[in-house]
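J.: Here is a sequence together with a model predicted from it:
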Amino acid sequence: MPKKRLTEEACNRLKPTAGKQIEYLDAVLPGLMLRVSYGGAKTFVAVYYVNHRTKTFKLGRYHPDGADEFPDPERGEEWPRDLTLAGARDAARKFFAKPSAFLSPKSHSLAKASFKVVAEAYLERHAAGFRSKSELERCLKKYVYPELGEKPFKGIKRSEVITLRSDIAENHGARMADTVFGIVRGVMRWFEAEGDDDDYVCPIKARKQKAAPKSRRKRILTPDEIKLVWKAAGQLGPYGSLVKLLLLTAQRRDKVVTMRWADIEEDVWTIPSEEREKGNAGKLRLPPLAMAVLEGIPKIAECSYVFAGRYGDKPLNSFSQGAEEIRKLLPTTMPRWTLHDLRRTARTLMTDLRIDDRIAEQVLGHAIEGVEGVYNLSLYFEQKAEALARVAGYIQQLVEPAPANVVALAARKARVTEAASAQ
């Protein structure tokens with residue numbers, strides 16, 4: 001275990017080592033250790049001994065903008081999650097002075113905490129099992145924490161939340177504003193019911209006016225747009241491959257992004273099910289065009305995902321950057337489109353290709369409703385494979401058109417086959 005004279009600059013510049021966790025003992029303060037995981041996380045740890053056995057206690061994560069001081073652990077105040085080197089040394093000194101105050105701390109009162117601390121408790125205790133948890137976290141980090149995160153939770157007024165909603169509506173749209181407003185209200189209602197302050201009352205009441213009905217998005221890509229997007233995607237590496245697979249498989253973005261190499265056996269992709277999920281497409285035989293896209297994606301060491309993230313065993317998550325890059329390669333006159341529009345485009349293509357609606361819905365992973373859903377347990381494996389093959393064939397003809405004589409010959413064979421079937 002290397003010993004190093006830690007400085008703020010050294011802590012900030014330390015890089016992860018692929019496949020290894022490296023621990024650095026502080027040469028200035030004996031017993032303080034900085035642990036750098038192979039995924040890039042940096043954690044300060046206190047090393048102590050119990051009955052001649054080495055033990056460790058996590059003090060907090062390193063962050064250059066973290067806390068420079070650590071609160072008295074006997075006061076029951078909330079401990080900072082992020083620490084600078086100075087904050088970590090302060091925490092370590094207090095730990096070694098009285099370990100029992102850290103090992104058996106007084107309960108932290110949420111009533112005295114910031115909005116961010118209460119919101120994180122809400123996510124951990126109430127929303128841990130929600131499928132939307134990651135989206136809740138994203139909205140809080142992007143829209144709420146910058147404005148309300150460090151403010152005392154109990155001191156936040158209704159007018160502040162209304163102002164926040166108005167700012168989000170102006171810059172990001174009314175729908176996002178309502179979503180964030182609902183999240184903030186949910187945190188406050190949860191604290192009112194489950195928090196440690198009997199006198200707290202949520203300052204935000206339910207909106208009485210009836211919300212305007214949401215219009216369903218109808219954007220699909222035209223054949224010419226498919227050709228443009230396919231060509232642009234071919235210049236963007238893994239993100240471009242993601243765009244192509246979304247169009248070829250008609251699956252949700254999260255399903256494709258979390259695809260693991262272990263989920264693919266030969267040309268069959270098994271889509272894992274999640275808790276509280278109504279259903280998904282299950283097993284799909286991928287057409288040759290989709291397999292060709294997969295074969296062009298490099299495998300990253302220590303990462304099990306097809307679309308690897310930047311650090312560790314995590315999937316890709318930089319969608320906004322990829323969307324911006326692909327739009328730069330497309331005509332400025334092309335109307336805005338999203339990744340989910342590719343799923344809608346693929347479903348529409350199935351109808352245009354005269355694929356049975358039942359089979360198309362099975363490809364999308366939609367559950368069969370009612371009594372039939374109880375008794376009809378068919379996997380529709382071959383039918384789904386044929387549907388995807390026909391969609392892929394259509395797309396391939398668009399982006400890589402065959403010579404006219406080949407097309408004519410194929411059409412002639414198709415007519416002969418239909419005539420033979422009719423007889």
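T.: That came through, no problem.

J.: now residue 331, what's its secondary structure?
T.: When states are read from DSSP: H, G, I helix; E, B strand; the rest coil, the local structure at residue 331 comes out as coil.

J.: Test my guess that it contacts residue 231.
T.: No - applying Cβ atoms under 8 Å as the test, residue 331 and residue 231 come out as separate, 11.5 Å apart. Every C-beta, even on glycine, is put in place using the N, C-alpha and C of the backbone.

J.: Between these two, which is the more surrounded one?
T.: The neighbour count for residue 331 versus residue 231, taken as other Cβ atoms under 10 Å, is higher for residue 231 (13 against 8).

J.: Report the spatially closest residue to that one, excluding sequence-adjacent ones.
T.: In this structure, residue 231 finds its nearest non-sequential neighbour in residue 399, 7.3 Å apart by Cβ to Cβ, 6 or more residues apart in numbering.

J.: you'd agree the one you found is up against residue 228?
T.: No - taking Cβ under 8 Å as the definition, residue 399 is not a contact partner of residue 228, at 9.8 Å.

J.: What is the neighbour count of the residue nearest to residue 231?
T.: Other residues close to residue 399 by other Cβ under 10 Å number 18.

J.: what does residue 63 give?
T.: 16.

J.: partners of the nearest residue to it once chain neighbours are set aside in the sheet?
T.: Of all residues not flanking residue 63 in the chain, residue 82 sits nearest, at 3.8 Å (Cβ to Cβ, 6+ apart). When bridges are called by DSSP bridges, residue 82 pairs up with residue 61.

J.: In contact with the residue nearest to residue 231, which residues?
T.: Contact analysis of residue 399 by Cβ atoms under 8 Å, 6 or more residues apart in numbering lists 226-227, 230-231.

J.: Give the buried residues for stretch 34-43.
T.: With burial defined by 16 or more other Cβ atoms under 10 Å, the residues of stretch 34-43 counted as buried are 34-38, 42-43.

J.: what do you get for stretch 300-320?
T.: Of the residues in stretch 300-320, those scored as buried under the neighbour-count criterion (16+ other Cβ under 10 Å) are 300, 303, 305-309, 315-316.

J.: picking up where we left off before, need the max-distance pair from the buried residues of stretch 34-43.
T.: 34 and 38 (14.5 Å; Cβ to Cβ).

J.: For the stretch 51-200 of the chain, which segments are assigned as helices?
T.: For the stretch 51-200 of the chain, the helices defined by DSSP state H, counting those that start in this stretch cover 85-97, 99-103, 115-125, 133-139, 145-148, 158-172, 174-194.

J.: between those helices, which gets nearest to residue 27?
T.: Nearest to residue 27 among the helices of the stretch 51-200 of the chain is helix 85-97 (11.9 Å), distances taken as Cβ to Cβ.

J.: need the strands for the protein, in chain order.
T.: Listed in chain order, the strands of the chain (DSSP state E) span 3-4, 22-26, 32-36, 42-50, 53-67, 82-83, 264-265, 268-270, 283-285.

J.: Can you add distance to residue 200 and give those strands back as CSV?
T.: Shown next, in CSV, are the strands of the chain (distance: least, Cβ to Cβ, whole Å):
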stretch, distance to residue 200
strand 3-4, 46
strand 22-26, 42
strand 32-36, 38
strand 42-50, 33
strand 53-67, 26
strand 82-83, 27
strand 264-265, 51
strand 268-270, 47
strand 283-285, 50
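
J.: among these, where is the model least confident on average?
T.: Comparing mean pLDDT over the strands of the chain, the weakest stretch is strand 3-4, at a mean of 82.

J.: Parallel or antiparallel, list what pairs with that strand.
T.: Counting by DSSP bridges, the strands paired with strand 3-4 are strand 22-26 (parallel).

J.: Give the buried residues for the partner strand.
T.: Residues of strand 22-26 classed as buried under the neighbour-count rule (16+ other Cβ under 10 Å) are 24-26.

J.: Stretch 53-68 too?
T.: Quick answer for stretch 53-68 (16+ other Cβ under 10 Å): 59-63, 66-67.

J.: hmm, who's touching it?
T.: The set of residues external to stretch 53-68 that reach it, using Cβ under 8 Å, 6+ apart, is 8, 11-12, 33-34, 41-49, 70, 79-88, 90-92, 95, 99, 102-103.

J.: try stretch 284-299
T.: 238, 241, 244-245, 248-249, 251, 261, 264, 267-269, 271, 306-307, 363, 381, 384-385, 388-389, 391-393, 395-396.

J.: one more time with 6 Å
T.: Outside stretch 284-299, the residues that touch it by Cβ atoms under 6 Å, 6 or more residues apart in numbering are 238, 241, 244-245, 248, 267-269, 306, 384-385, 388-389, 392, 396.

J.: May I see the buried residues of it?
T.: Counting neighbours by 16+ other Cβ under 10 Å, stretch 284-299 gives 284-287, 289-291, 293-294, 297 as buried.

J.: can you tell me how far the closest residue to residue 203 other than its chain neighbours sits from residue 165?
T.: By the measure of Cβ to Cβ, 6+ apart, the closest residue to residue 203 outside its immediate chain neighbours is residue 158, 4.2 Å from it. Residue 158 sits at a distance of 10 Å from residue 165 (criterion: Cβ to Cβ, to the nearest Å).

J.: Those two: which is more packed in?
T.: Regarding residue 158 and residue 165, a neighbour count based on other Cβ under 10 Å identifies residue 165 as having more, with 21 against 13.

J.: My guess is the more buried one contacts residue 178. True?
T.: No - applying Cβ atoms under 6 Å as the test, residue 165 and residue 178 come out as separate, 7.6 Å apart.

J.: list the residues that contact both of these two?
T.: Going by Cβ under 6 Å, 6+ apart, no residue sits against residue 165 while also sitting against residue 178.

J.: Now distance to residue 2 too, for the buried residues of stretch 34-43, in a markdown table please.
T.: Rendered in a markdown table, the data for the buried residues of stretch 34-43 read as follows (distance: Cβ to Cβ, whole Å):
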| residue | distance to residue 2 |
| --- | --- |
| 34 | 10 |
| 35 | 12 |
| 36 | 11 |
| 37 | 16 |
| 38 | 16 |
| 42 | 15 |
| 43 | 16 |
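
J.: Closest to residue 255 out of these?
T.: Among these, and counting by Cβ to Cβ, the member closest to residue 255 is residue 38, at 26.7 Å.

J.: so the closest one makes contact with residue 16?
T.: Yes - under the criterion of Cβ under 6 Å, residue 38 is in contact with residue 16, at a separation of 5.2 Å.

J.: Between the two, which contacts overlap?
T.: Contact criterion Cβ under 6 Å, 6+ apart; residues shared by residue 38 and residue 16: none found.
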